[in-house]
Every structure is written in structure tokens, then in C-alpha cells.
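S.K.: Sequence first, predicted model second:
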Amino acid sequence: DEPGLIKEIVQKVQTKVPPVFWESKKLVGIEPRLEQLYSLLDIDSDDVHFIGLCGMDGIGKTTIAKIARKTLGDKFDVSRFFSVKMVSEKHGLVNLQRRLCKSLMKKKSEYWDNIDEEATMINFLFQKKVLLILDDVDDISQLENLCGNRDWFGPGSRIIITTANEKLLITHGVKIFKVPELDANEAIQLFSLKAFKRDYPDKKFTALSRCFVDYANGLPLALEVLGSYLHTRDLHEWTSEWIKLKDTCSLNNDSSRKIMEVLKISYDRLDEEQKNIFLDIACFFKGKCKYQVLKILKSCGFQSDIGIKVLVEKSLITISDNMVLMHDLFQVLGQAIVVQQSKEPGGRSRLWRSRDIYPVLRDNTGTKSVEGIVLPFPESEEAKCNPEAFSQMSDLRILKIHNVHLPGGLKYLPDSLRFLEWRGYPEKDLPPDFEAHELVELSMCHSSIKQLWIGVKTFGKLKVIDLSHSLNLTRTPNCIGVQNLGRLDLEGCKSLVEIHPSVGALKKLTSLNVKNCTSLRILPAKIEMELLEAFILSGCSSLKRISEFVSPMENLREIFLDRTAIESIPSSIECLTSLSSFDMRGCKYLNCLPSTIGNLKSLKSLNVSSCPKLAKLPESFGELESLEEIDISETSIKEWPSSSFVLKNLKSLTFRGRKSGQRWFMSLRFLSWPMKRCQPMSSFVPPLSGLCSLMHLDLSDRNLLEGEMPMDIDCLTSLVSLNLSGNHFIILPERISRLSKLEILYLSGCKKLQHLPVLASDISLERVPYPEDRYEIIIPGRNIPWWFSYKNLGSSVSVKQRPQCSKNKWMGYAVCAVFEVSSSGWNVTCDLKVNGKEKYPAPLIATNVQPVGEHLWLFYVSRDISFDREWQNSCNQLTFSFTNSSCCFVKKCGVRLVYQKDVEDFDNVTTQSSIDISPYEAMDDKSASVHGATIKRSYSREGSSERGDVESDENYQFLEQLDTLSEGDIAILLTG
């Protein structure tokens, strides 16, 4: 009958949908978390499931497990909640099984006197469908004793384990549910329920409520404790409590003490080394690049990889986007532990606040207790340091400071130092008695050092020396006693004249960077660095001769000789059997390449562009069997080696001429700059037959006339992109129509062109704007400008809707990233993914930005570069992802879709401002001329975007970087 049918339906629905108890209705945020847990439990399955609730203490693991038991308990033969930690602490690990058996079987005490607990428990459990909650497990042996394997339990059993230690769950093969923190709405609701007994705060308490909620950072325990403590208190008491909490290291109030007592449980379970790593992160390294943190901790003698892994497993820290992150309240805990070590800052193990560091250095109050000093960057205040400030810090292992002056000099640095970074070190050398045998890294960029040390010093563990941009440095020290040195960075040391001969024999050196050392003239006669991977001499404009290479050097993969004064390359280059990239662009005096270059069997990229005296390539050029890219633009090459036809792996050939025409800045009234007339280029074009893998060919600005196109161009069966811009032919040859894979043909500036060849039937012709509409700027900065509508912490940001292209006239996108540079030789790239698939790479290699703190990279890219019409109807998500390198990582980023209305609004502003200020002055106001900033325009053509007519004058180079920009372009550059 119908009533019976309805009753049966209701009963079946009740078995499928867990009932919601009144307790869960009062618990904020519990419903979505229970839903995730229920999906993992899969109640309808007869399999045995182990589920682990993992997360930091106070996140709500136990509460979720208890509600799940109350909700689902009647579906099982036996349902028990067992507090593992409490029983283990009270009765010991040996009695855990007996206690669980008693709880499950409800037998009298005498029953257990002479039996095997494990066998009895397994026999009982095997016959039952059990719901067992094992709460607060912290040791793998507890799991092995209480739920050894799934065979112990009857069909359909579910075991829920709560723990802060993820490693235990992984080891025991448990499905893991990481309990998330409360979101912003849930957090304010929970806090308000405790503080005001309703879902929202009183109006006059709204601002302070937000402060307390932000402090709790989504942790339910903290929200409940703070809300309960503030209930019924007046506004004055709320304000007083907030002032106490703002001092993050103070535990002088009941609420913070209650929170920290719970959080400290996890800290107390760590061993001594893990505690030290935890405190170092809490005080120094939260939010820093994982690579840098591991490197510094390892230099201190810690097993940093293992230590970091343990802290992650125990939910004390997280790793996201290669950054070491820690919940704000764990950071408060760690810092509070250090502050409680001593009333006086000089008696504490770690100093990280300028208000503590400055008095200790000024008044010489440091003691043996001090292990680390890390001064926040940047700090505008100049600190003065006592000459003997470090004399009592005999256990100091980390010193990372800047902007600290030494009016009386420096007499002492602790020999216990493992990591030393002093930006802007004001002395001309190190203290003479400094003998830090445990020192691993010495970084003193932008220092006043003239010579690091005199004579021979032994630093047996030293792996890194960074003296970049030390403008007074004239020569490197004798490095005979530094045989473990792995990286030597001298970039931008413009007074450096000589590299000491001992440097050439450093067998473990992997990177030698002397970029932009404009006075450098003398290198070691021989380079015998067996592990060297990168040799960077870019911009050493006084360097005429490079060292001889001595075999074996099987690890050297990159050499940068661009913008040097070298005239020739030594024949010993042949011993660099692993060399894959060789950059000699802008070497104005280079007149030949050695015949031995053909022995570089691993060479993939060769750039000799803007070498005007280079007239030919050696015959052995054709023996470069791995060569994939070559740029010979703006050279005097007029003949081609006959062996080149065997370059079967060559994918990109760039042979641009010099671009003629007046630059935009020459027309500005306030600028008058002498310009060189470019000589007409030869119309020579190399033979193309045999280049069966060539995909990109650039012959722009070659003054090609009718009939001067290569007759064998149609043999390029793999060609995808052909750039013929800036040439003078009237008709393109019919042979181009035979290039079946050709997708892009550049013809910009071909003013005489009248006819195109007949295309194949399966090829359609579409006219598109020449994709040069990309602009970028790098300036010092740490915040994403408000103008960017989508922002995110970390290295990626997404726009989750399709741009309304037709309605709002979408023009492109503007992207911004905050990144931190720790050393030179860095790069950061950005990739765009559409609907999760990579669509358009937007690379940036801005090596002329000095490695000082944080920078902003802002760039605008036109829609026409990235997207076709088909995309506009299919996209629902754009994701911009930045790729970090070892010495550079992106901290946060933002994006804004740019519409025509945005430009019109900006034009209205700039039109008014242009009455009072010139474009050049406007750039200056926007920090475009700040030392270390970069402004440049990237070209979408293949090959290098560098201009060829390199000049030594820095002002001229700056104008070269602005080449082809219009006044409107600068307006777009500065919209952020």
C-alpha cells in the first residue's frame, strides 16, 4: 500500500543520508568537513577503510571525529572513541591493547588476567562491523598495536585516526583528509558566536573583531578561546587585549596562554635539532624560499632536508609554491619561546626584530646565548655597531644584516659563524683575526670591500663567496685555502682589475660570475675547474683575452662572453665537450672563430650577433652536429662554410640586418643625442639546402631585392615561421607557397611589396597586427598595485571567467609579480595556460637587475599575440604561472584584463598630467631610472631581442633599451 511504500522509502533515505545531530548544527563549518569525511568513509562498501584526519593542533580533528561517530554509530555493531594519547601517557604503550579491549568488549577486570590481549581483540573484532575512533595518535607503534591491518576487522568496519603527524598515516597506508582552516566567513561567525552569542559582531566591535579573527588565522581553537574571553567585556578591555596580542611574543594574558598550551604540545614532541629548525623558521625564515632555507640550515650543521620533512609531516609548517610557510600562531609560539629565554635581548638565542638588534649591536650586550641575528629587510633606519659588538657571541652561527655602520671599525667577527650575509658591509676588508673554519657562505654584496683578505686564509668549508656590486673591490683574494668553493659571484664589481691565478685551479667551483666588471683585464692564465658549469663574463668591456681551458672540463655548459673586447677564442675551447650554449653577441672586436669549434659536439646554441668584424665562419662549423640555434645577425659574414648542409638538427637561424630609421626619442625636444648612421647591409643569404629540421628563419632587414631570395628555400620542409620584414622585394617568390608547414609569415616594413604568391588550397591567409604589443618594466617594490583586480600569494594567479571581448573591447592583459632575488644570474619566466593547457609563454630574463631584495615585474601583452578567434569562444579560465629559479622566487602576483575603457580612463588622466610634465620626466617620477631598474620592450620575432649596435656609454645603452617605444607605450607601461 502507499503508506507502507512511503515508510520504506523514508527508511532507505535515512540509511543513505547520515542524520545531523543538534551538536553539529551549532558547530561552524562542520557540514562541509563532514561531507568530505563521509565521502572517504564510503559507508555502503563492505571493505575495511582506514581514514586519517590530519592537521595542526586546534584545527578541529577530534570534534569532527566525535560528530561522525554520533552520526554514524548506529550503523555499526560496535562504536568506540579511544583517546590514545591520554591512555598512553597514563598507562604506557604496553597497556594500550588491554585498555582498548576493555573498552570494546565490556568485560570485567579479572577476565584479562591470563589471556593474550592481541589474539582476543582480533578474534572479537573480526566478527564485528566496527567504527573505531583512535584520537591523537603520535607514534607508529600505537597504530601497529591498535589497528595492525585491515584483516583484524569485520567487513564494513571503519577506523578513523586523528593525528598531527601525516607521516604516520602514510606509513600505515591510511587515506588522508587534511582538515582545512576556517575561511573568513566561517571564522567571523564562530568568533561572534562566542563573543556575542550570535552570528555577527556588534557594530562598534566590528573593526576589533576583524583584528582578532585575523590573528587567529582560521584556527577554531584560537577563535573560540578569544571569543569566549572577550564575551561581556567592554570596548576598552577589547582594545587593551588587542594591544597585548599585537606584541606577538607576549603571553601575558589568559587567552594567548591557553592557545599556546595546546600548540606547544606538538613542539614538545620534537627532538632538539627539530626544535632548533622550528625556532629558526619561526624567527627568521617564514615565507622564504625553501631552497634558501635548506641551504642556510644545512650550513648550520642540521639535517635540513629531514628536519623540514618532519615539520611538514607534523603539521607545524607547510611548503607551498616552494615557500616555507607556517601558521601565524605557530610563529607566535616559536618567537614567544625565544623571548622567554631571557628578559634581555642579548641573552636570547635568536634576534629578528630591529628594536632588539640595534641596542645589542650598539651597546655590545650580546652574549654566548646568541645563535642567530637576522635583520628584517628593508630597514630604513641606519644602525651603528660597536667595534666589539660580536666579541661575546662565541656561538653565533647565522648573521644576516644590512645598513649597519661601523664608525669605529670592526675588531671581531665570531669564528663560529656558518652563514654570513652583510649587505653594504662598510669596511675595506674582514677583521684580520677572522678564522671561521665552519663558514659555508660569505655574502657581502654592495660592500665597501677593497680586498677580502690579504695572503692565504683557510676556510675549508666555504662554498659561496658573493661580493657582487662591491664597487671598490680591485682584486680577488688568494683562494688556495678555499678549495671547496662552489660559487664565486663578482658581478658588477666595476673596479675589479684582476682575478687571482688560484681561482683558475678551484676544482669544485661550479659558477664563476664576473658580469659587468668593466675594468677587468686579467684572468687566470689557465682554467682548470673540473666542475665548472657556468662561466659568465658578459659586459667585461675591458677584457681582451680569455683564459686557456685545460682538460678535463666536462661539466661546463654555458659561456657568456657577450659585450666583451675579446678579439679571438682560444683553440683550447675544444676540450669543453659538454658546452651547450655559447654567447658572444656584441663582441665588437671579434674577427674569427677557431677551427676547433667544430669539436663542440654538444653545442646547441651559438650567438655571434652584433660582431661587425666577424666575416666568416670556420669550415668546421658544419661539424656542430647538435646545433639547434644560431644567431649571426649584424655581422659581416658574406660567405658560408660548405659543410653547413650537414646541420640536420638546426631549428632556428637568425640572420637579421641592421634596422634603419629614426628612433622615437630623437624627435623629443628635450633630447639631443649623437646617433650613428647604419651602413647598408649586404644582401647575402646563406644556402638553405640540407637544413631539414629548420623551423624558424629570420632574414629581416637584409635589403633583399627581387630575385635575391634563396632558390632553395622550398627545401625547408619543417619551416613554421619566416621573417622577411624590412626587405625591398615587390613580389614574393612562388617557392614560398611550397612550405607546407609554414604558419607565420612576417612582412612588416616591406614597403614595396605588391603581390603575394598563390597559396596552396589548404592554407588560408589572415591579416593580423604585428605582435609587438608587449611592454614590461621592473622596479624595486614589494606590493601588488591596487589596480590589479586578481591577486594571489605565491607564484600563480587565475582569472576564472571568459573576457567579454566583443562587448567591452578586451585589448589584452596586465600581469604583475613580486619576486625576491638572492644572487645574480637569475631568471624568472611566466607561462599562460588557457583551460589548463599551455598556450603562450612570456619569458623574461632580466639579468641586469641587481640582486637586492624585492622587485616588481609588470608587463602588458596584447590579445593579438596570444589568442585566436576560436579561443575567445572556448575559454573560461586563464592561469598565469611564474617559474622560480634557485636564486629567485615569486612571492605574490596579480593580473587584470585590460579593456578599451581602462585605456580611455588612463588617457584622460595622462592628458592632463602631460601639460605639466614630459614623458621622460614622468618616467623618472615612476622610478624608471632607479639604479637597478630595467625597462625594455620584448619582440615576438624569433631569436635575440638585443639590439646590435652596442655602445659602452651607459646612458646610450639605456636609450637603446627604449628603442622603438612610443610615448603611448610608456603610458601603458606605467598604468600599474
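M.R.: Structure received.

S.K.: So which bits of stretch 303-318 are buried?
M.R.: 304, 307, 308, 310, 311, 313, 314, 315, 316, 317 (16 or more other C-beta atoms under 10 Å). Using the backbone N, CA and C atoms, a C-beta is placed for each residue, glycine as well.

S.K.: of all those, which comes closest to residue 578?
M.R.: For the buried residues of stretch 303-318, the closest approach to residue 578 (C-beta to C-beta) belongs to residue 304, at 29.8 Å.

S.K.: Do you know the pLDDT at the closest one?
M.R.: Predicted confidence (pLDDT) for residue 304: 93.

S.K.: check which helix or strand covers the closest residue to it other than its chain neighbours.
M.R.: Among residues not flanking residue 304 along the chain, residue 297 sits closest, at 3.7 Å (C-beta to C-beta, 6 or more residues apart in numbering). Using DSSP states H and E, residue 297 sits within helix 290-299.

S.K.: coming back round to it: and the two most separated of the buried residues of stretch 303-318?
M.R.: 304 and 315 (18.7 Å).

S.K.: The buried residues of stretch 303-318 in helices, which ones?
M.R.: Among those, DSSP state H puts 304, 307, 308, 310, 311, 313 in helices.

S.K.: returning to what we had before: for the helix holding residue 297, name the packing helices and strands.
M.R.: When contacts are defined as 3 or more C-beta pairs under 8 Å, 6 or more residues apart in numbering; DSSP states H and E, helix 290-299 packs onto helix 304-313, strand 323-325, strand 441-443.

S.K.: switch the cut-off to 10 Å
M.R.: helix 272-280, helix 304-313, strand 318-320, strand 323-325, strand 398-402, strand 419-423, strand 441-443, strand 888-899 (3 or more C-beta pairs under 10 Å, 6 or more residues apart in numbering; DSSP states H and E).

S.K.: got the ones you listed as a markdown table, with distance to residue 833 columns?
M.R.: Shown next, in a markdown table, are the helices and strands packed on helix 290-299 (distance: least, C-beta to C-beta, whole Å):
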| stretch | distance to residue 833 |
| --- | --- |
| helix 272-280 | 35 |
| helix 304-313 | 27 |
| strand 318-320 | 19 |
| strand 323-325 | 21 |
| strand 398-402 | 36 |
| strand 419-423 | 36 |
| strand 441-443 | 36 |
| strand 888-899 | 12 |
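
S.K.: For the stretch 1-150 of the chain, just list every one of the helices.
M.R.: 2-16, 22-25, 30-41, 61-72, 84-91, 96-105, 117-126, 140-146 (DSSP state H, counting those that start in this stretch).

S.K.: For those helices, which has the smallest mean pLDDT value?
M.R.: Looking at the helices of the stretch 1-150 of the chain, the bottom one is helix 22-25 with a mean of 46.

S.K.: Hmm, residue 417 is touching residue 431, no?
M.R.: No - counting by C-beta atoms under 10 Å, residue 417 stays clear of residue 431, with 11.5 Å between them.

S.K.: Those two: who's more crowded?
M.R.: residue 417 (24 against 15; other C-beta atoms under 10 Å).

S.K.: pLDDT at that one, what is it?
M.R.: 96.

S.K.: With adjacent residues omitted, what lies nearest to it?
M.R.: Closest residue to residue 417 apart from its sequence neighbours, by C-beta to C-beta, 6+ apart: residue 436 at 4.7 Å.

S.K.: Tell me if I'm right that that neighbour and residue 412 touch.
M.R.: No - Residue 436 lies out of contact with residue 412 (C-beta under 10 Å); the separation is 11.5 Å.

S.K.: These two - which one has more neighbours?
M.R.: residue 436 (19 against 15).

S.K.: okay, now residue 238: neighbour count?
M.R.: Residue 238 has 19 nearby residues by other C-beta under 10 Å.

S.K.: need the contact list for residue 607.
M.R.: 560-562, 581-586, 629-633, 654, 943-944, 946 (C-beta atoms under 10 Å, 6 or more residues apart in numbering).

S.K.: ok, now with 6 Å
M.R.: Contact partners of residue 607, counting by C-beta atoms under 6 Å, 6 or more residues apart in numbering, are 583, 585, 631.

S.K.: quick one: pLDDT of the second one?
M.R.: The reference is to residue 585. Residue 585 is given a pLDDT of 94.

S.K.: buried ones in stretch 58-73?
M.R.: 58-72.

S.K.: pull the CA atoms of stretch 492-502 into CSV?
M.R.: Only the C-alpha atoms of stretch 492-502 are listed here, as CSV (Å, rounded to 0.1, in the frame of the first residue of the first chain):
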residue,chain,number,x,y,z
GLY,A,492,79.1,44.5,-11.1
CYS,A,493,82.5,45.0,-9.3
LYS,A,494,83.4,47.8,-11.6
SER,A,495,86.9,48.4,-10.1
LEU,A,496,87.9,44.8,-10.3
VAL,A,497,91.1,44.5,-12.5
GLU,A,498,92.4,41.0,-11.8
ILE,A,499,91.2,37.5,-10.9
HIS,A,500,93.8,35.8,-8.8
PRO,A,501,95.5,32.9,-10.5
SER,A,502,94.5,30.5,-7.7
